[in-house]
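Asks: predicted model and sequence below, questions to follow.
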Amino acid sequence: MKADPAMLGNSGYDRQPLDQYHTPKWCTEALLSQVLLRGPVWELAAGRGDIVGADLGCASAQRLDFLVARSLPGGTVTIATNPPFNRIERFIWHALALTRDCGGAVAMLARNEFDCAAGRKHLFDRYPFTMKVVLTKRPRWSEMNIASPRHNFSWFYWSWRHPGPAVLRYAP
């Protein structure tokens, strides 16, 4: 799949190897203010474990190759992560496949406009897409504070147990 140039852009910073951008704790807290994640939670792109380290209760930062996993580890019912952008759609589809049978859920952090592309409509216009949580602050992905962050982000949440239409929320 070809990268969407409108989503990438040049930030002026060197890209981190493996798209390893650590999730600020407030981003995870914003998700948790809107969604009750059932545990254990699998943080796929765990890096330092920033998401599961934000008091998710029964959480696991399993160090497995997610894209080849055929099942969820150890009773996991929720997948929550800040995925590498160049593989985000593969992460979403695989996470949805793994959580379907257990009635689980998937939360992915992405740029706010991620759901705007016509080619991604199928991820958002039907069940199990549940919620978009728009972050009202911009995450800072670099410790070099030479400029203000320029991109807005949102949590995209799918739940196989959600009975109704998707909702839009704002946090923090």
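Replies: Done, it's in. Numbering: from 1, shown residues only.
Asks: give me every residue that touches the residue nearest the centre of the chain.
Replies: To find the centre residue of the chain, average its C-alpha atoms and take the closest one (Cα atoms, centre = their mean): that gives Met108, at 1.5 Å. Taking Cβ atoms under 8 Å, 6 or more residues apart in numbering, we find Met108 in contact with 80-83, 88, 91-92, 95, 155-157. Glycine gets a C-beta too; all of them are placed from N, C-alpha and C.
Asks: so, low pLDDT: which residues of this protein?
Replies: In the predicted model, the chain carries pLDDT under 70 at residues 1-21, 45-64, 141-149.
Asks: so what's the gap between the top helix by length along the chain and the chain middle?
Replies: When the chain is scanned for its longest helix (criterion: DSSP state H), the result is helix 88-100. Relative to its chain's centre, helix 88-100 lies at 11 Å (Cα atoms, centre = their mean, to the nearest Å).
Asks: can you show me the strands along this protein?
Replies: Secondary structure of the chain by DSSP state E: the strands cover 41-42, 59-60, 78-81, 105-111, 129-135, 153-159, 167-171.
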